[in-house]
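Student: 3D, please:
(one chain, ligands or ions: 2)
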Amino acid sequence: MNVHDSEKIAGIFSESGYDQSEESKKADVIVLNTCSIRQKAEQKFYSELGRLKEAKKHNPDLKIAVAGCIAQQEGSKLFKKFPYVDFIFGPDNIDNLQKWITNNPETGKRTEALKANPSYHTKELPIKREGRVKTWVSIMYGCDNFCAYCVVPFTRGRERSRPKRDIQKEVERLASEGFKEVTLLGQNVNSYGKGLNEKTDFPDLLSLVHGIEGVERIRFVTSHPKDLSEGLITAIQKLPKVCEHIHLPLQSGSDKVLTMMNRRYIYEEYKEKIDKLREGLPGIAITTDIITGFPGESDDDFQCTMDALSDIEFDGIFAFKYSKRPNTMALSLPGHIDEEIKSERLSRVSNLQEAITYKKNKAVEGEIHEVLIESVSETDSDKLTGRTRGNKVVNFYGDERDIGRLIKVKILEAKRHSLYGERV
Ligand code: SAH
Ligand code: SF4
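Tutor: Ligands and ions are numbered 1, 2, ... in the order given. Predicted coordinates for the structure are as follows:
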């Protein structure tokens, strides 16, 4: 989501006549688009911003802007701590960047754009997209779920869906520009449509996007398990362009921890949804997010997460140590866990999943899969890289001119994090 926000920021600069520089030394303006989902991301930003102090000394005309969730979270405190910052704007105020670019050279004033922006979801922003084959389309902004660990509802504001016709227009334009795959983006795509005047929902939106000529694949992230409906399963069954992959964050296998997290489902309910998905869509790839060491997570609770991983056998996971975030409910929970235990649990989760992912990759050896060719492989320029419908990376020898095409590939060998195959 942040990468896509950066594309919007770059789009606005580009429309104002700015070029993107590969070297920060040559830049007139440097924008740091920040993430505050975990402490580690924050630390990275602060060390980067620290380095820019020198850059500003060398070039007093340099303008420094801080965008994204840390900007929203810290607000004008950043001006106090880092007096060389010129502009601060939150993820819900990217549209205000244009005004700053226009006005700042005259005023030279330090400004901020952090207020709630209730009509942001109706704005049409220029976007400078990376790549030419696949791309993202925002379908909603913000989040109302308030999971106890998560900063997103505080930094990205209330949930708002973009009007259907705006999404349609954007996808039509992308198709005409030659993009083959779109990923519909939101914190909780299954609640798409809530609050819109028109009556619509996520399966309805999928169907609309499916009808757009030129789009060959449709993906979506992220789905909250509590909002996953039978309607979504039916839509994926009916709409061949929608890929059989779902990212469905579980977070923990323990009902006690799930309740403390305010996730509003228990493991059994989650598992029922997985069973329905696999029944309705045999072979669907399912990936998830896991947090280790949430406050109060006992050894037994942690074991429930390990059991869940063995029980469900996800195709892949993203696992994180619980990280304390400002404003969130989890801060005041009892039983915060030592860093060492969090790390130890994280490595146990990662090791278990490594073995499962490898086993799952092994299972597709010999099969023929449809692959959308995305680019030349980063590690071997003779090879091409693409993804299966289940979002698995496949490398194979091929012709660069085929980038952007859907082809059949026979999977010859499973690697830990990718597949190797040959074109058939
Ligand atoms: N809206 C998405 C997730 C967005 S954040 C969803 O609900 O699925 C992506 C992932 O980061 C989350 O699923 C969670 O696993 C992780 N995460 C969020 N806040 C965290 C925190 N404070 N500590 C550790 N991991 C966190
Ligand atoms: Fe964060 Fe939960 Fe919203 Fe996802 S659903 S963004 S984890 S609050």
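Student: which bits of the stretch 201-350 of the chain sit near ligand 1?
Tutor: 222, 224, 249, 251, 289, 291, 320, 322, 323, 325 (C-beta under 6 Å from any ligand atom). In short, each C-beta sits where N, CA and C put it, glycine included.
Student: Need phi/psi at the first one.
Tutor: If I follow you right, that is residue 222. With angles defined as degrees, to the nearest 10, residue 222 sits at phi -110, psi 160.
Student: Let me know the average pLDDT across the helix ranked longest in the chain.
Tutor: Selection of the longest helix in the chain by residue count, based on DSSP state H, yields helix 339-363. Helix 339-363 carries an average pLDDT of 98.
Student: now what about it, what contacts it?
Tutor: For helix 339-363, the external contacting residues (C-beta atoms under 8 Å, 6 or more residues apart in numbering) are 290, 292-293, 297, 302, 305-306, 309-310, 313-317, 319-322, 392, 414-419.
Student: Wondering if stretch 30-40 reaches ligand 2 at all.
Tutor: No. Stretch 30-40 stays clear of ligand 2 (C-beta under 6 Å from any ligand atom), getting no nearer than 8.2 Å.
Student: which residues touch stretch 392-409?
Tutor: 132-133, 178, 180, 216-217, 285, 315, 361, 364, 368-377, 380, 382-388, 411, 417-424.
Student: Filter these down to the buried ones.
Tutor: By neighbour count, with 16 or more other C-beta atoms under 10 Å, the contacts of stretch 392-409 hold 133, 180, 216-217, 285, 315, 361, 364, 369-374, 377, 384-388, 411, 418-421 as buried.
Student: Can you tell me which of the contacts of helix 339-363 are buried?
Tutor: Counted by 16+ other C-beta under 10 Å, the contacts of helix 339-363 give 290, 292-293, 297, 302, 305-306, 309, 314-317, 319-322, 392, 414, 418-419 as buried.
Student: Among those residues, which are located in helices?
Tutor: Mapping the buried ones among the contacts of helix 339-363 onto helices (DSSP H) picks out 302, 305, 306, 309.
Student: For the second one, which non-adjacent residue is spatially closest?
Tutor: What it means is residue 305. Closest residue in space to residue 305, ignoring its immediate chain neighbours: residue 253 at 4.0 Å, by C-beta to C-beta, 6 or more residues apart in numbering.
Student: pLDDT (mean, whole number) over stretch 198-211?
Tutor: For stretch 198-211, mean pLDDT is 97.
Student: Buried ones in the strand or helix carrying residue 56, by neighbour count?
Tutor: Assigned by DSSP states H and E, residue 56 belongs to helix 39-58. Within helix 39-58, the residues scored as buried using 16+ other C-beta under 10 Å are 41, 42, 45, 49, 52, 56.
Student: Stretch 396-410 too?
Tutor: In terms of neighbour count (16+ other C-beta under 10 Å), stretch 396-410 has its buried residues at 396, 398, 403, 404, 407, 409.
Student: quick one: secondary structure of residue 279?
Tutor: Classification of residue 279 using DSSP: H, G, I helix; E, B strand; the rest coil returns helix.
Student: Count the neighbours of it for me.
Tutor: Neighbourhood size, residue 279 [other C-beta atoms under 10 Å]: 10.
Student: Pull up the gap between it and residue 113, please.
Tutor: Using C-beta to C-beta, to the nearest Å, residue 279 is found at 48 Å from residue 113.
Student: domain ranges for this structure?
Tutor: Residue ranges for the domains of the chain, per automatic domain parsing: 2-113, 131-243, 250-363, 368-423.
Student: Next, the distance between the ends of the second one.
Tutor: This points to domain 131-243. Distance between the two ends of domain 131-243: 20 Å, counting by C-alpha to C-alpha, to the nearest Å.
Student: Ligand 2 contacts on the chain?
Tutor: Contact residues, the chain versus ligand 2 (C-beta under 6 Å from any ligand atom): 143, 145, 146, 147, 150, 152, 153, 187, 188, 224.
Student: Sitting in helices, which of those residues do you find?
Tutor: 152, 153.
Student: May I see the residues of the chain next to ligand 2 organised as JSON lines, with neighbour count and distance to residue 163 added?
Tutor: Supplementary listing: the residues of the chain next to ligand 2 in JSON lines, determined by neighbours: other C-beta atoms under 10 Å; distance: C-beta to C-beta, whole Å:
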{"residue": "143", "neighbour count": "22", "distance to residue 163": "19"}
{"residue": "145", "neighbour count": "17", "distance to residue 163": "22"}
{"residue": "146", "neighbour count": "13", "distance to residue 163": "25"}
{"residue": "147", "neighbour count": "21", "distance to residue 163": "27"}
{"residue": "150", "neighbour count": "22", "distance to residue 163": "26"}
{"residue": "152", "neighbour count": "21", "distance to residue 163": "22"}
{"residue": "153", "neighbour count": "18", "distance to residue 163": "22"}
{"residue": "187", "neighbour count": "21", "distance to residue 163": "18"}
{"residue": "188", "neighbour count": "20", "distance to residue 163": "18"}
{"residue": "224", "neighbour count": "20", "distance to residue 163": "22"}
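Student: Return the closest of the residues of the chain next to ligand 2 with respect to residue 83.
Tutor: Checking the residues of the chain next to ligand 2 against residue 83 with C-beta to C-beta, the nearest one is residue 152 at 29.0 Å.
Student: show me what contacts the closest one?
Tutor: Applying C-beta under 8 Å, 6+ apart, we find residue 152 in contact with 37, 69, 142, 143, 187.
Student: Which member of these is positioned nearest ligand 1?
Tutor: residue 187 (3.7 Å; C-beta to the nearest ligand atom).
Student: How much space separates residue 313 from residue 269?
Tutor: For residue 313 relative to residue 269 (C-beta to C-beta), the value is 19 Å.
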